[in-house]
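Student: Here is my input, please return the structure:
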Amino acid sequence: MRWSELERAVRVAHGPLVAGVDEVGRGPLAGPVVACAVVMPADARAIGGIDDSKKLDAEERERLARLIRRKALAVGVGAASAREVDALNVYHATTLAMRRALARLGAGLGAAPDHVLVDGKPIRTLGVEHTAVVGGDARCYAIACASIVAKVTRDRLMHALARRHPAYAWTRNVGYGTPAHLDAIARHGLTAHHRRSFCARAQIELALEEPPAATEATPAAGEAPVAPTE
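Tutor: Residues are numbered from 1 along each chain as shown. Model (predicted):
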């Protein structure tokens with residue numbers, strides 16, 4: 001990925017300190033939403049291999065995240081906890097995580113960025129002037145950098161939490177609702193890191209997908225009806 005035409009135009013219109021912002025973790029049953037804001041130097045070549053974090057394997061993301069942090073003018077990471085997701089809903093919790101990331105970015109820069117590019121649609125309550133780019137993590141270099149750092153940060157956190165809660169297989173599913181994760185919830189209940197609103201919905205959806213249990217009146221498929229006893 002190279003600097004996009006949009007990023008070049010934004011630098012001309014607003015200034016060289018253009019922040020890319022992205023988040024990960026809207027959909028999981030457990031763990032926080034994590035957002036990252038990154039300002040990469042405008043006069044430096046783009047790092048080779050940068051792409052939407054979902055298109056990269058874990059090893060490549062780790063390698064690129066180290067390079068991004070080393071070369072960035074500033075990086076800010078913010079999160080909203082599972083409890084905040086339940087209290088605010090995931091949209092507002094995501095916005096909160098982005099605002100925290102931007103605040104830390106500004107502290108690292110010593111000033112606010114000249115402009116902000118955000119993956120997705122405009123966010124009325126973000127609190128800063130920004131340009132929203134649908135599919136931005138695949139279209140804008142700075143947003144892709146933020147996507148990678150956010151994903152690596154959240155995955156590391158979920159792996160650390162997995163050491164305390166090994167039953168939920170978070171090293172493999174990083175909190176998403178896989179069958180193994182849902183089975184562990186059924187067996188062991190919820191932890192403080194689970195989003196209770198998400199888990200309730202997932203359990204309802206799972207119950208709706210299960211076929212009804214066979215009864216004498218409705219024999220299971222492939223079975224002969226059982227004759228009633230006298």
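
Student: Give me the pLDDT value at the most centrally placed residue in the chain.
Tutor: Using Cα atoms, centre = their mean, the residue of the chain that lies closest to the mean C-alpha position is residue 24, 1.4 Å off. Predicted confidence (pLDDT) for residue 24: 97.

Student: mind listing what it touches?
Tutor: By Cβ atoms under 8 Å, 6 or more residues apart in numbering, the contact list for residue 24 reads 33, 34, 35, 53, 147, 150, 151, 154. For every residue, glycine as well, the C-beta is placed using N, CA and C.

Student: Could you save those residues as a markdown table and add columns showing secondary structure and pLDDT?
Tutor: Output for the contacts of residue 24, formatted as a markdown table (DSSP: H, G, I helix; E, B strand; the rest coil; pLDDT from 0 to 100):
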| residue | secondary structure | pLDDT |
| --- | --- | --- |
| 33 | strand | 98 |
| 34 | strand | 98 |
| 35 | strand | 98 |
| 53 | helix | 86 |
| 147 | helix | 96 |
| 150 | helix | 98 |
| 151 | helix | 97 |
| 154 | helix | 98 |
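
Student: neighbour-wise, which of those residues leads?
Tutor: Tallying neighbours with other Cβ atoms under 10 Å puts residue 35 at the head of these, with 33 neighbours.

Student: just the strands in the chain please.
Tutor: In the chain, strands defined by DSSP state E lie at 18-24, 33-39, 74-80, 115-119, 130-133, listed in chain order.

Student: between these, which one is nearest to residue 104?
Tutor: strand 74-80 (3.4 Å; Cβ to Cβ).

Student: gap between residue 159 and residue 153?
Tutor: Residue 159 is 11 Å from residue 153, where distance means Cβ to Cβ, to the nearest Å.

Student: Please identify which of the two sits among more neighbours.
Tutor: residue 153 (21 against 13).

Student: Touching, that one and residue 36? I think so.
Tutor: Yes. Counting by Cβ atoms under 8 Å, residue 36 is a contact partner of residue 153 at 6.9 Å.

Student: between these two, what contacts are shared?
Tutor: Common contacts of residue 153 and residue 36 (Cβ under 8 Å, 6+ apart): residue 77.

Student: low pLDDT regions in the protein?
Tutor: Scanning the chain for pLDDT under 70 picks out 1, 202-230.

Student: again, 90 this time
Tutor: 1-2, 51-55, 200-230 (pLDDT under 90).

Student: Helices of that one, start to end?
Tutor: All helices of the chain, identified by DSSP state H, fall at 5-14, 58-71, 82-88, 90-109, 136-139, 141-164, 170-173, 179-188, 196-209.
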